[in-house]
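>>> what would the 3D arrangement of this be:
(chains A and B)
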Amino acid sequence: MNYFMQLFILIPLLGFVLSLLIKEKREQFLSYTATATVGIQLFTAIVYIALWAFHGFGSYNIKDLSIYQNEEYQFFIDFYFDKTTAVYLLVGAFLSFMVVIYSRYYLHREPGYKRFFNTILFFFLGYNLTIFAGNFETLFIGWEILGISSFLLIAFYRERFLPVKNAMKVFSIYRIGDIGLLLAMWMSHHLWHENITFQKLHDAHLVHEHLMEHSLIGVFISLMILVSASAKSAQLPFSFWLPRAMEGPTPSSAIFYGSLSVHVGAFLLMRTHPFWENQLLVKIIIVFFGLMTMVVTTAIARVQSSVKSQIAYSSISQIGIIFIEIALGFENLALVHIAGNAFLRTYQLLVSPSIVSYLIREQFYNYSPHLKSIEYKFPQKIQHGLYILSIKEWNLDSFMYEALWNPIKKFARSVRFLNAKNILWFFIPTYILSAYLLYHKDLLPKQAFAYLPIFYAFIGLLMVLKSFSERRDILFTWILIIMSHFWIAIAIGFNANFDLKEVYIYLSGILFFGGLGFWVLKLMQRKEEIKDLTIFHGHVYEHPRVAQLFFLCCLGLTGFPISPTFVGEDLLFSHIEAHQVLLVFIVSFTFIIDGLSIIRIYARIFMGTHVKKYHEIAFKSS
Amino acid sequence: MYNEHDIIHHLKHFLPAQAPLKDFIHHNTLHAFQDKSFHFALKDAKESLGYKTYLSLNEYRKRFRQGQISEQIIDKIIAKKYSDKNISYWKSKMFSSAVNEGVDPRLGIIRTKWTTEYNLEIDDFVHPLLFRILCSYLDQGISIWDFPTEKRSFIENIKHLESNTFASFFKTKEAKNKLFEEGNSIEKMLQIIVGDEAYFEPYLIDQQFAHQGWSGMVSAIEDNPSTLLVAKKISLKDIIFFELLLEYDTIIDRLGKDWKPIALSLEDSEKEAINSKTSYELSELDEILILFQESFEWSYYDTVLNALSYQFIKENNDEKSFQALFCIDDRECSIRRWIENTDSSCETYGTPGFFGVEFYFKPQGGKFLTKVCPAPITPKHVIQEIGVRKKQEKDIHFSKHSHSFIFGWFITQSIGFWSAFKLFINIFKPQMNPATASSLKHMDKLSKLTIENKNESKIENGLQIGFTIDEMTLRTENVLRSIGLTSNFAPIVYVIGHGASSNNNPHYAAYDCGACSGRAGSVNARALSFMANHPKVRQRLAEKGIKISENTQFLGAIRDTTRDEIVFFDENLLSIENKIRHVENCKKFKTALDLNAKERSRRFESIKTQKNAAKIHEKIMIRSVSLFEPRPELNHATNALCIVGRRDLSKKVFLDRRAFLNSYDYIQDPEGKYLLGILNAAAPVCGGINLEYYFSRVDNQKLGAGSKLPHNVMGLIGVANGIDGDLRPGLPSQMIEVHDPVRLLMIVEHFPEIVLKTIQSNPATYEWFENEWIHLIVFHPEEKQFYRFEKGEFISYQPLPFEIKSIENVESIIESQTENIPVFQLN
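Below you'll find the model as predicted:
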């Protein structure tokens, strides 16, 4: 059984790479490649699952490949297979297969045909990595791929304003989910003192033993997992992103936001279920949020007058129930529910354009003006209030805006004093001095070590906040991001024995992609007039290649698994102690903003309405 | 100086006039500019509203390289417009000048001041909420919990909602108070927000055109409330007032007290730009674009005119095997050719697809009336469908229960797996389903219709049920005379309306017959046949000189343009001899339909045109019901001509489905009486279709609906991108991508002086020709010469002598070409 397991990663990976090499114009070849990839995966899955059933429905684990290792820490790729994986594998492969065939005709002649299939296969790779992951690290790789491919699919119509805006919105929510997962990983290193595999979580005795001593840590890890799962599955308070993700071609919305992507959060909960099943508090919180989601999103779904948002909200409400089912331990029921919900919503979204001819005809023959919904029985004040509230999506969107982005913006405004000059004259000498001190720690008093990491991390955060709020100077924005990583590195250097090799791993990716990105930005500035970051420029219209290259730089700089920084970030976290809440908060917050700032630069320069208006350009509102 | 009534009237005139999806009817997208001459109107639309109104220079140049624009024509047009000497000067401009084609319209100047002055993206805050409220208010049945309305106006409903609630649409108290403030008005709100009366109008234009889709929809519903099945009271005035309140709310919420009315921040240069008018002086770019566009048009027209001039009309009194009346629709152009090709002794005719019978149709069990005649006509009759028991098929996937958490819980666990199966079936074996829009669902084949009025006093909803003998006679006579079919009737005269089938297609109404207000023409076809078969009608017709032999029978039918199927009605009424003939004819129809399917398939990538016609036809049928096929057919794409004349004029010319064909015999109408009726219908119908395609093609983003792939259905009345987008009127890119944007060339066979007199007698029709929105050419039947209508008179026109090749076999041509096929002479 074990030998096969990697196939499920290899097939999508091969298909994805192959699809990248095919020329844009060869529609048929592209769609055949995608169909074949997903088809082979489906076929292999059926055979594999049959064999697995024959062998008695067991759970299998393989440790695949160790990427980095030191005395107390090991970063390795691990795969795991059990019935949850089996269900997700089958549902995912089946639906992807259907949608790939569907899209082959549906997307005919659409500009971006290749991009679409590339992204679908990339998503498919991320999905399979996630469901086969045997530890948090592996899962995180898949998780990141899902995030990026979602961004690309939502912004598929990148020449229009709304898809780009919404893609960024969704990306920012995903980023919160990512950090939740990162923090869960961080804390579980400290709990287990190893890179724990999901298989080991099934060892009830082991889990119990560790949690007895560190019950608070257990709650923290579980809650971070819940944040991450809720963000990915659009549970409260993140629900508003799901309908806004419906910007791409209908089949991609159907498969990702109708079915696969939104159920990945539930997958994470199921995967980690053995870890938190005996923590009553956690279970109560999950059930509570599940119930809230179910009630609130049903109310929102009931007032939706657009077909896709209606389906999105009713899907979220079912996932709320699924969360409850998982928390209560009805694992099998949850799996059936997940499969059913995925199939139903995919199909409903695919046939959503039909709703006009269907409902108009139904209405034509059956309309009755006196039919009122149940809410009309409520007292008027409650009825009106609930109606207005539901139309406004219970202010979830504006809540996020007010609660999260406004403070960031306000805070960022307070660092206005930072500019290119004082960075050069003050921060660089300070940095050199700090680096010198790092190698001569004995020069510093002992007490300083308690505060220095926080101090340096805070400078890192300042840099990235400044970068996020900077509108005028693009190169400066980019450099600030690179610099913030350097400050973080030094902060951790003062915190623990972050040895040179690890620093090198962490910063090599930053330097390489940061430097390349800098060069690309310079190149673009030479070629085009780029005003500032207040408007979208849409330069991908004329410079698709440059845009691709820069996108790679952005990925590398955010610590996407193409860059050693990915491992570096994980390493870095392992050097933060369990009690250093403030430090971990600053560092993770820096990473959130860092990702947003980077994607903002990419979006503003390359996406959105093209600044040159010589061709057809959509209205901003369309 | 501020006159609210005028401003609103003005706005309504310029906003998109597209009705809700179910009533989609083609019209000139720039109808508001139609009182100006074509090229100036396009320039004006570009400079005021920022529309792109021509192809781009690159596209024209590419077409020149591909031979679609003839160099001789360019020379001829430059020579005529300027002089012989300027030819090389202008040509070098056309081919090599690098002009900036960017547009900086007057639209939006004042509104962007919020961004530049206050860093406030006001639209980002106002639009999502406004669209959501409007869509919920107008929703025709998507939401489960609908907007708590009573029979009040929109703004009264909002007040009612806001007066008794614990939540509010507004974030600030100030804005909410403004809603209830006694005597508050648009003017007062403008005073607060804009400040300077001189800029109220530009501000409102900016505001409303920032979401022209929704504003246009509101305006269309205000003008024609019956277009909604679920009645809603709304007016443009209401939503302007409400939007101003939302803006005020946003401004207060974001800026507090730190702002002043926006017009006060306008700089002088901006004021000047806002107040400027489109000048009649053409820029170099304008002139180049006009030269290219006209050359593009006449490069095609001249080949057509050449081909027509070769034709000769022969008197033919031979016995006809059958005659068939079709709609003038360009999609019937090829099927008529194939039918004539299959049976050389038959005759086909074209007339607008409502067949001269205008009425409302009420299907059995229907709660509403459906108009089945051209949009401008208001019928006084109703025809009811009786005698069938219909049961509507249901599909659980559209059930609202799936959206509640309790039923949803059951449904996902059970029906969810059924969905997987349905999905599988739909992908590997597409078939009709309850949601398919099909031409046959319009009327039941076995139903009876109340065509004849038995009792004149029987009135329903103010409409007379059925037509009296006199009314029937009048309509039958008009149709027959207008197409020149007054003698020599064949044993069977088919009256064939048309409709279309498609799946997963919100624009389904645009696929049906435009002359039947976006419905299938089956009832009309049946109605005309009934009238012409009626003995008393025959008797009166005979008195008027139209003698129809007793053996002749009219038979109604419907042709599905997507599936290439014909379904006949009332076949049991045929006499025994005619039944035998009909069976024979059906075989011919089948052959012709197969071949027509083959001809259409050359545009479809998924079908190999080289295959056997019957096999291709099967594939076309599957395609028509595929969920994943955004192009079940290509509708009116490539339409370019309208020929009003005898069939012999165009019978032997291969026109590649690009012509509307209206049968007309000038000999039987020396005064032009019937011609007037034809042109009154053909100009707005064909011109409307042609120009909607033109503008959706040249600016698919602003004047068309963009790609249909991401569309989301809003309230069953329109489509938008995503959930926050504005409605997208116009045609989606999948419908227009193969269209060549040329204006309609109308060719009328008659004497120029009669045609001139005729078009002058109706100012509305005359405007189309006078302002050059349609080119008009008259074919002088005796001189065999062309006359072009220019600046109010007919001037002799000599097309460049292009050689027209003749072909033996159409099949070989359609098998080898996927692009537009040039004009050929058929042997």
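>>> could you look up the SS state of the closest residue to chain B within the stretch 451-600 of chain A?
Closest contact between the stretch 451-600 of chain A and chain B, by CB to the nearest CB, is at residue A:534 (8.1 Å). Any C-beta I mention is one placed from the backbone N, CA and C, and that applies to glycine too. Following DSSP: H, G, I helix; E, B strand; the rest coil, the label given to residue A:534 is coil.
>>> so it sits against residue A:469, correct?
No - taking contacts as CB atoms under 8 Å, residue A:534 lies outside contact range of residue A:469: 11.5 Å.
>>> which of these two has more residues huddled nearby?
residue A:469 (21 against 12; other CB atoms under 10 Å in any protein chain shown).
>>> so who does that one touch?
Contacts for residue A:469 (CB atoms under 8 Å, 6 or more residues apart in numbering or on different chains) come out as A:409, A:412-413, A:415.
>>> which residue ranges form the helices in the stretch 301-450 of chain A?
Secondary structure of the stretch 301-450 of chain A (DSSP state H, counting those that start in this stretch): helices located at A:307-327, A:331-350, A:355-366, A:380-391, A:396-400, A:406-413, A:420-422, A:428-439, A:448-469.
>>> low-confidence stretches in the stretch 351-500 of chain A?
Counting by pLDDT under 70, the stretch 351-500 of chain A contains low-confidence residues at A:370-371, A:498.
>>> tell me how the chain divides into domains.
Because you didn't say which chain, this covers chain A. A:2-358, A:414-606 (automatic domain parsing).
>>> correction: the question concerned chain B.
B:107-275, B:284-309+B:636-827, B:399-428.
>>> tell me which of these lies nearest to chain A.
Closest approach to chain A among the domains of chain B is made by domain B:399-428 (2.7 Å; CB to the nearest CB).
>>> quickly check: that closest one near chain A or not.
Yes - judged by CB under 8 Å from any CB of the partner chain, domain B:399-428 comes into contact with chain A at B:402-405, B:408-409, B:411-417, B:419-420, B:422-424, B:427.
>>> mind checking how far residue B:741 is from residue B:217?
Using CB to CB, to the nearest Å, residue B:741 is found at 25 Å from residue B:217.
>>> those two: who's more crowded?
Each of residue B:741 and residue B:217 has its neighbours counted (other CB under 10 Å); residue B:217 has more, 29 against 21.
>>> hmm, the more buried one is touching residue B:719, no?
No - using CB under 8 Å, residue B:217 is not in contact with residue B:719; the gap is 11.0 Å.
>>> what angle separates the host helix or strand of residue A:475 from helix A:448-469?
Assigned by DSSP states H and E, residue A:475 belongs to helix A:474-495. With axes from the mean of the first three to the mean of the last three CA atoms, to 10 degrees defining the directions, helix A:474-495 sits at 160 degrees from helix A:448-469.
>>> so which elements touch whichever helix or strand comes after helix A:474-495?
Of the helices and strands lying after helix A:474-495 in sequence (DSSP H and E), the nearest is helix A:500-527. Applying 3 or more CB pairs under 8 Å, 6 or more residues apart in numbering or on different chains; DSSP states H and E, we find helix A:500-527 packed against helix A:474-495, helix A:544-557, helix A:565-574.
>>> can you give me the end-to-end span of stretch B:73-90?
Terminal residues of stretch B:73-90 are spaced 13 Å apart (CA to CA, to the nearest Å).
>>> please point out which parts of it sit buried.
B:73-78, B:87, B:90 (16 or more other CB atoms under 10 Å in any protein chain shown).
>>> which of those fall in strands?
In this view, these have no member that belongs to strands under DSSP state E.
>>> give me the three-state assignment for the closest residue to residue B:650 other than its chain neighbours.
Distance criterion CB to CB, 6 or more residues apart in numbering or on different chains; nearest residue to residue B:650, sequence neighbours excluded, is residue B:643 at 5.3 Å. Look at residue B:643: counting by three-state DSSP, its state is strand.
>>> quick one: low-confidence parts of the chain?
Answering for chain A, as no chain was given. Within chain A, the stretches with pLDDT under 70 are A:1-3, A:71-72, A:370-371, A:498.
>>> not quite, I wanted chain B
Along chain B, the model assigns pLDDT under 70 to residues B:1, B:390-391.
>>> at 80 instead, please
Filtered on pLDDT under 80, chain B yields the residue ranges B:1-2, B:150, B:312-317, B:388-393, B:400-402, B:404-405, B:456-458, B:460, B:827.
>>> and for residue B:94, nearest residue in space, chain neighbours not counted?
Leaving aside its sequence neighbours, residue B:94 sits nearest to residue B:288 (CB to CB, 6+ apart; 5.4 Å).
>>> is residue B:142 in a helix, a strand, or coil?
coil.
>>> relative to residue B:348, how far out is it?
43 Å.
>>> more neighbours: these two, which one.
Set side by side, residue B:142 and residue B:348 show more neighbours around residue B:142, with 24 against 21, by other CB under 10 Å.
>>> from residue A:304, how far out is the more buried one?
7 Å.
>>> what's the next secondary structure element after the lengthiest strand in chain A?
In chain A, assigned by DSSP E, the strand with the most residues is strand A:60-69. Next along the chain after strand A:60-69, taking DSSP H and E as the criterion, comes strand A:74-81.
>>> residues contacting residue A:561?
Applying CB under 8 Å, 6+ apart, the residues contacting residue A:561 are A:141, A:144-145.
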